[in-house]
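J.: Sequence isn't available, so here's the structure alone:
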């Protein structure tokens, strides 16, 4: 399942106003964000995010994050993607700077897009 998609925009505030108006008839609303950095819209169980980027790593003009079921799946995706020719853009691991239980990896696909496998659940105990 797609957890979130992030696209680069040239004018963050202009794009925010555009998407607020365009999404209104669909019932999609601004969910959260940070002034001057990014905005996230709830689009029915997934997030559509806009942010300004100058294409400096780790950011790319398009970012897609796939929600998976376990840390093992994050790690398996990472290994399989690298074996398939992806570039490393962030090894599997906790990302507490995003959220407390966020665990993810990032790879660059053959066209240089940032692809993520992630989950946001507490680590299994045991």
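T.: Ah, there it is. Quick caveat, the model's predicted, so the values are computed rather than measured. Numbering: from 1, shown residues only.

J.: Retrieve the pLDDT associated with the residue nearest the centre of the chain.
T.: For the chain, the residue nearest the mean C-alpha position is residue 65 (4.3 Å; CA atoms, centre = their mean). Looking at residue 65, its pLDDT stands at 94.

J.: which residues does it contact?
T.: 2, 3, 4, 5, 6, 104, 115, 116, 117, 118 (CB atoms under 8 Å, 6 or more residues apart in numbering). Heads up, the C-betas are built off the backbone N, CA and C, glycines and all.

J.: if we go to 6 Å?
T.: When contacts are counted by CB atoms under 6 Å, 6 or more residues apart in numbering, residue 65 touches 3, 4, 116, 118.

J.: for the residue nearest to it when sequence neighbours are not counted, what are its contacts?
T.: Of all residues not flanking residue 65 in the chain, residue 116 sits nearest, at 3.9 Å (CB to CB, 6 or more residues apart in numbering). Residues in contact with residue 116 (CB under 6 Å, 6+ apart) are 65, 104, 106.

J.: Now the last one: closest residue in space, sequence neighbours ignored.
T.: Counting by CB to CB, 6+ apart, the nearest residue to residue 106 once its immediate chain neighbours are dropped is residue 90, at 3.5 Å.

J.: Helix or strand: which one has that neighbour?
T.: In the assignment (DSSP states H and E), residue 90 maps to no helix and no strand.

J.: One more: the one 10 residues further on?
T.: Of the helices and strands defined by DSSP H and E, none includes residue 100.

J.: Now residue 79: which helix or strand?
T.: Counting by DSSP H and E, residue 79 is found in helix 71-83.

J.: just residue 97 next, same as before
T.: Going by DSSP H and E, residue 97 is not part of any helix or strand.

J.: again with residue 21
T.: Residue 21 belongs to helix 12-23, assigned by DSSP H and E.

J.: and the angle for the helix or strand following that helix with helix 12-23?
T.: Scanning forward in sequence from helix 12-23 by DSSP H and E, the next helix or strand is strand 29-34. Compare the direction of strand 29-34 with that of helix 12-23 by axes from the mean of the first three to the mean of the last three CA atoms, to 10 degrees and you get 160 degrees.

J.: Show the average pLDDT along strand 29-34.
T.: Strand 29-34 comes out at a mean pLDDT of 94.
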